[in-house]
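S.K.: okay, sequence plus prediction incoming.
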Amino acid sequence: MSRRTVADYVWPLAVFAALALVPQLHISIPKLFDQSISSPGTLQLLAACVLFGALALTYDIQFGYTGLLSFGHALYIAIGVYLSNIAITDWHWNFWVAILFTMGVAFVLATVLGSVSLRVGGIAFAMVTLAFAQAGAVLALKNPHHWTHGEEGLGADYTKLPHAFVGILNTKNLYWLALAFLAAVFFVVRWTAESSPGRVWQAIRENEMRVEVLGMRPHLYKLQAFVLSSTLAAAGGIVYMLLYNGSTLGVTQPNFTLTLLLMVVIGGAGSRWGAVLGGILYTYLNNRLVAVGSSSTVEGLPHVLRTPLSQPLFLLGTIFILIVFFLPGGIAGIAAHGRPSGLRRLEEAIRSDHTLTAPPEEA
Amino acid sequence: MSTWLLLTITGLGLGAMYFLIASGLSLIYGLMGVLNFAHGAFITVGGYAAWWTEVNLFDGIHSVWLRFLLAALLGLVIGGVFAALVELVLIRPLYNRHIEQVLVTVGLSIAFVALVQGIWGPDAKAFAVPGWLHATTTIAGAHIPNDRWIEIATAALVLVLLQLFLRRTRYGLIIRAGVENRAMVTALGIDVRKAFTLVFAIGGVAAAIAGVLGGVYFNVVGPDQGTSLLIFAFIVVVIGGLGSIAGSAVAAMVVGLTQQYVNFYASAGVGDMIVVLLLGVVLLASPRGLVGAFTS
C-alpha cells in the first residue's frame, strides 16, 4: 500500500472503527464527562459532536475546498430537519419515502437556488445565500398549514420512526448513525476532492480567473460543489431530526450557519480532519463550558471575570477571533508546516473575484 | 385609505431604520470590501448605551425629553467610538485580507451578543421614551404613532448630512474616490486608512441611531435586536447596489414598504419572503443592484 492510501483510507477507517467502540466503554472520565461514557446522556452529547463534525465537513466542501463563503448552509440542514419530520408527522408518510422525498427536494432546491446565487461572487454571494436562508427561517416561523408548529417546534411522531432509533436506551444506535454519517461524508469528500471536478474546485479557490482562462466554466463546477455540499447537509439534517427527536427553529436561524463557519475555521478550512475536529470540539465546548461557567471555581471569581466565563458563545467567539488572527490554518494548520493553509489560502479566492460587484482594487 | 396611509408611514419608518444601518454597511463595503457583521453589535451598543445611561446616569433629570435626548446622544457617541475602536483593533491588522476581516466581524457579533446577555440577561429591557412618541397623530382618519415621524425625519437628515459630507468636504472626496479606485487614491499619496476609521465611525453612529430608534419603535432594547435588523439591512444593501448611499436609501424604502403592505394585505411573514424574492429578481436582472441597473 502506498503511503497515500494509508493516510487517506487506512487511518480514517481505524479512527472510525475505534470511535464505533465508544458506546461499549463502561468507564467514566470525571472532568470531561458527568456520567459514564456508555450512559445515554454522554452518548447523546458525543453523537451531537460527531454529527456537527460531519455538518462542518459538508460546509467545508463549499468554503474550504471551493472558496465559496455561504451564509445560508442552515437552509439545507433545516430542510432535512423539517421536511422529513413534516412528511412523517404531519402527512403520515412512510419513513423511507419521507427521506427519499426530502433528499430529492433538497437536491432540486440546491440546484435552483445555487444557480441563482452563484450569478454573483464573493461577498454578494454570501449575502444572497443569507437572504434565502432567512426566507426559510421566516417560513418555518410562520407555520404554514400548521406543519412546522412555529416557535413550539415539531416533535417527531415516534411510531413512524424505525424502532432502533426510538427511546433513550437506543441512544447508542443514534451515536452509530451519526458516526456512520460522518464516515460517509468523510469518504465522499476524500473521493470528490481527488476527482477531476474536485481538483477544479480547488483550482477555483486558488484562482478563479485562471480556471476560466483554461477554457473551463467555473460556474458549473461551483454549482456542483454547492449542490453536493447542500444535499449532504440535508442528509445530516435528517440525522439531526432523529437525534433530537424533532425539529426546532434553531436550525433555521442564520446564526446556525455562522456556527458551522466558526467550527470550520477553528479546525482548519480546507482540511478534512480540521473541519471534523472543529465541529467536534466546538460542540463539546459549547455544551461543557456551561458546566464550567456554573462550577464553584468560576462562581468564586469576581463579577468582571465571572460574567464572560459563564457565556460559552463569548468564549468560543473570542477563541475564533484569536485563531483568525494568530492561527489562520486552524488546529489542522499547526500540523502543516511552511505552506500557507486555511484562511490564507482562501484569500486568493476573493482577490481574483472579478465577477461583479467589483470590490475595490487592491493597493 | 386610512389603513393604507398608516401602513405607508410605518413602512417608511421601518425603511428609515434599514437605511440608517445599510448606509454604513454600504460605505464600509464600498471603501474597504468588508462585509461588516459586527454592524449588529453597533446597533446593540447604541440601544443599550442609551438605555443604560437613561436609567443610571440621567435618572436625576426630571424632563423626560431632556433625559431621552441626552441618553440618545450619548448612545450615538458611544456607538461611533466603539465602531472606530473595532476598526483600529480588529480590522486594521488584517488589512487587505477580506475573508479574515469578515470572519473577525462574525466572531465579534457572536461574542458580543453573548457578552451582553451575560451582563444584562437575555430579556429585552423596557426603554423609557417621552409619552408623545407613543401618542398618535390623526391624519386623514389614520392614527399614526408619532415615533414614525421621528424615524423618517432622522433618516432624511442623516441622508442629507451624509451627502453633504461626501460631496462638500475633503474627507468626503477621499472616501468617494476610494470607493471608485482605492489604489489610485493611495498612489496619489493620500493615507486611506484614516478614511477607513472614519467610515467605521460614521457607520457606527448611524447604526447606533438605528439602535436608539429601534428601542423607540419596539419599546424595548434586546440583545439580538441588532442581528434581526441587520439581515434586512444586508438585503437593502445588495438591492441598492454596494457602495451607493442613494441606492441604499431607495432600496430601504422599497423593502420597508413592501414588507408592511404585503405582511398586512397578504399575511404576516409573506412580506419578508417577497423581499427575498425581490432580491433574487434584482440580482438576476442586474447583479450590481439598482445602481448598476441605472448606470450601465
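M.R.: Sure, I can see it.
S.K.: please confirm that residue B:165 is located within a strand.
M.R.: No. Using DSSP: H, G, I helix; E, B strand; the rest coil, the assignment for residue B:165 is helix, not a strand.
S.K.: wait, doesn't it sit right on residue B:173?
M.R.: No. Between residue B:165 and residue B:173 there is no contact under C-beta atoms under 8 Å: 10.0 Å. For glycine as for every other residue, the C-beta is placed from the backbone atoms N, C-alpha and C.
S.K.: in space, what's closest to the closest residue to chain B within the stretch 101-250 of chain A - neighbours in sequence excluded?
M.R.: Proximity of the stretch 101-250 of chain A to chain B (C-beta to the nearest C-beta) peaks at residue A:142, 3.6 Å away. Excluding its sequence neighbours, the residue lying closest to residue A:142 (C-beta to C-beta, 6 or more residues apart in numbering or on different chains) is residue B:269, at 3.6 Å.
S.K.: I figured that neighbour hits residue B:263, correct?
M.R.: Yes. Counting by C-beta under 8 Å, residue B:263 is a contact partner of residue B:269 at 6.9 Å.
S.K.: let me see the ranges of the strands in the chain.
M.R.: Assuming you mean chain A. Here chain A has its strands, by DSSP state E, at A:154-155, A:246-247.
S.K.: my bad, chain B
M.R.: Secondary structure of chain B (DSSP E): strands at B:125-126, B:136-139, B:142-145, B:220-221.
S.K.: quick check: mean pLDDT of stretch B:73-88?
M.R.: Average pLDDT, stretch B:73-88: 95.
S.K.: what of stretch A:54-63?
M.R.: For stretch A:54-63, mean pLDDT rounds to 96.
S.K.: next, see if it gets close to chain B.
M.R.: No. Judged by C-beta under 8 Å from any C-beta of the partner chain, stretch A:54-63 makes no contact with chain B; its nearest approach is 9.4 Å.
S.K.: skipping its backbone neighbours, what lies nearest the residue of the stretch 1-150 of chain B at minimum distance from chain A in space?
M.R.: Residue nearest to chain A within the stretch 1-150 of chain B: residue B:111 (2.8 Å; C-beta to the nearest C-beta). The shortest distance from residue B:111 to any non-neighbouring residue, by C-beta to C-beta, 6+ apart, is to residue A:317 (2.8 Å).
S.K.: next, count neighbours for that neighbour.
M.R.: 23 (other C-beta atoms under 10 Å in any protein chain shown).
S.K.: so which bits of the stretch 151-300 of chain A are right by chain B?
M.R.: A:254-255, A:258, A:261-262, A:265.
S.K.: filter the residues you listed to the buried ones?
M.R.: A:254-255, A:258, A:261-262, A:265 (16 or more other C-beta atoms under 10 Å in any protein chain shown).
S.K.: would TSV of the residues you listed with distance to residue A:219 and pLDDT be doable?
M.R.: Formatted as TSV, those follow (distance: C-beta to C-beta, whole Å; pLDDT from 0 to 100):
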residue	distance to residue A:219	pLDDT
A:254	25	86
A:255	29	87
A:258	26	92
A:261	23	93
A:262	28	93
A:265	26	92
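S.K.: widest-spaced pair of the residues you listed?
M.R.: A:254 and A:265 (16.7 Å; C-beta to C-beta).
S.K.: on that earlier part again, pLDDT at the residue of the stretch 101-250 of chain A closest to chain B, what is it?
M.R.: pLDDT recorded at residue A:142 is 85.
S.K.: follow-up on the earlier one: is it possible to get CSV of the strands of chain B that adds distance to chain A and mean neighbour count?
M.R.: Shown next, in CSV, are the strands of chain B (distance: least, C-beta to the nearest C-beta, whole Å; neighbours: other C-beta atoms under 10 Å in any protein chain shown):
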stretch, distance to chain A, mean neighbour count
strand B:125-126, 16, 15
strand B:136-139, 29, 12
strand B:142-145, 24, 17
strand B:220-221, 18, 22
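S.K.: mind putting the ones you listed into JSON lines with mean pLDDT?
M.R.: Formatted as JSON lines, those follow (pLDDT from 0 to 100):
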{"stretch": "strand B:125-126", "mean pLDDT": "86"}
{"stretch": "strand B:136-139", "mean pLDDT": "84"}
{"stretch": "strand B:142-145", "mean pLDDT": "84"}
{"stretch": "strand B:220-221", "mean pLDDT": "89"}
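S.K.: can you check which of those gets nearest to residue A:323?
M.R.: Nearest to residue A:323 among those is strand B:220-221; the distance by C-beta to C-beta comes to 31.1 Å.
S.K.: the helices in chain B, which residues?
M.R.: For chain B, the helices defined by DSSP state H cover B:2-32, B:39-56, B:64-86, B:98-120, B:131-134, B:147-168, B:170-180, B:182-187, B:192-218, B:225-240, B:245-265, B:270-285, B:289-295.
S.K.: which helices and strands sit right next to the longest helix along chain A?
M.R.: Looking across chain A with DSSP H, the single longest helix is helix A:218-244. Here helix A:218-244 touches helix A:40-60, helix A:73-85, helix A:95-117, helix A:171-194, helix A:196-206, helix A:208-213, going by 3 or more C-beta pairs under 8 Å, 6 or more residues apart in numbering or on different chains; DSSP states H and E.
S.K.: so which of those helices is nearest residue B:244?
M.R.: Of all those, helix A:95-117 comes closest under C-beta to C-beta, at 21.2 Å.
S.K.: quick check, distance from that closest one to the centre of its chain.
M.R.: Between the centre of helix A:95-117 and the centre of its chain there are 17 Å (C-alpha atoms, centre = their mean, to the nearest Å).
S.K.: other residues contacting that helix?
M.R.: With contact meaning C-beta atoms under 8 Å, 6 or more residues apart in numbering or on different chains, helix A:95-117 is reached by A:70, A:72, A:75-76, A:79-80, A:83-84, A:87-88, A:91, A:93, A:125, A:128-129, A:132, A:160-162, A:219, A:223, A:226-227, A:230-231, A:233-235, A:237-238, B:280, B:283-284.
S.K.: what does stretch B:64-76 give?
M.R.: Residues outside stretch B:64-76 that contact it (C-beta under 8 Å, 6+ apart) are B:45-47, B:49-51, B:53-54, B:57-59, B:61, B:128-131, B:205, B:208-209, B:211-212.
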